[in-house]
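[1] structural data only, the sequence is not supplied:
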């Protein structure tokens, strides 16, 4: 380690030892919200009150009643969706609280702390919306595939992998069948014309 790096490290250690956190009521209030704000990016859900835990369980029940996930893969994707939905719910609450505190659009606030928090919430909300859409589309694809396999097993080979896109496979198979049918019809039409021509020639010979 260089002398400069060591000096920076020592200075940081000394300053850290001197720091006792926010002193003013405003500073303490802002500090108390840091964990909640940054929790929006956490990989696991933290409940701050028993009521939040109850609300989360109600969210699971409502989504499960509507989406009806089955099997471990659908359930894993389902819980990713729930995680994103819960983050969006809490972000909406935090955004409304910040809007009220700013007395208008917090992104336009002259208070740099409010503007900073608003930008952070916006970034977290964008990430949560992407996660929600991705999980919802994945779950939809899994359930569509399961439905196809359950309703149209005759259109799939017996050894088809469970995660194979049954819908696309069936569509491709049907397209091939239609193409073969068109080819067969054209061939039959050509043969019919040839046969008709031969019959006409035979009739012409008898007429002579």
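    Nice, I can see it. These figures come from a predicted structure and were not determined experimentally.

[2] helix/strand/coil for residue 46?
    Three-state call for residue 46 (DSSP: H, G, I helix; E, B strand; the rest coil): coil.

[3] tell me how far it lies from residue 115.
    26 Å (Cβ to Cβ, to the nearest Å). No exception for glycine: its C-beta is placed from N, CA and C like everyone else's.

[4] neighbour count: those two, which is higher?
    Higher neighbour count among residue 46 and residue 115: residue 115, with 17 against 9, using other Cβ atoms under 10 Å.

[5] got the contact list for that one?
    106, 107, 108, 109 (Cβ atoms under 8 Å, 6 or more residues apart in numbering).

[6] considering those, which is situated nearest to residue 134?
    The nearest member of those to residue 134, counting by Cβ to Cβ, is residue 107 at 25.9 Å.

[7] not counting sequence-adjacent ones, nearest residue to that closest one?
    residue 118 (4.7 Å; Cβ to Cβ, 6 or more residues apart in numbering).

[8] how many residues are close by the one you found?
    Neighbour count of residue 118, defined by other Cβ under 10 Å: 21.

[9] so it is in which element?
    Taking DSSP states H and E as the definition, residue 118 sits inside helix 112-151.

[10] which ChimeraX command selects the buried ones in the contacts of residue 115?
    In ChimeraX syntax, the buried subset of those is picked out as below (16 or more other Cβ atoms under 10 Å):
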select :106,109
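
[11] got the contacts of residue 115 as CSV, with secondary structure columns?
    Shown next, in CSV, are these (three-state DSSP):
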residue, secondary structure
106, helix
107, helix
108, helix
109, coil
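
[12] quick one on the thing from earlier: wait, the residue nearest to residue 107 sits on residue 111?
    No: using Cβ atoms under 8 Å, residue 118 is not in contact with residue 111; the gap is 9.8 Å.

[13] identify the residues contacting residue 128.
    Residue 128 makes contact with 40, 84, 87, 88, 91, according to Cβ under 8 Å, 6+ apart.

[14] which SSE is the nearest residue to it once chain neighbours are set aside in?
    Spatially, and ignoring its direct neighbours in sequence, residue 128 is nearest to residue 87 (4.3 Å; Cβ to Cβ, 6+ apart). In this structure, residue 87 sits in helix 71-102 according to DSSP H and E.
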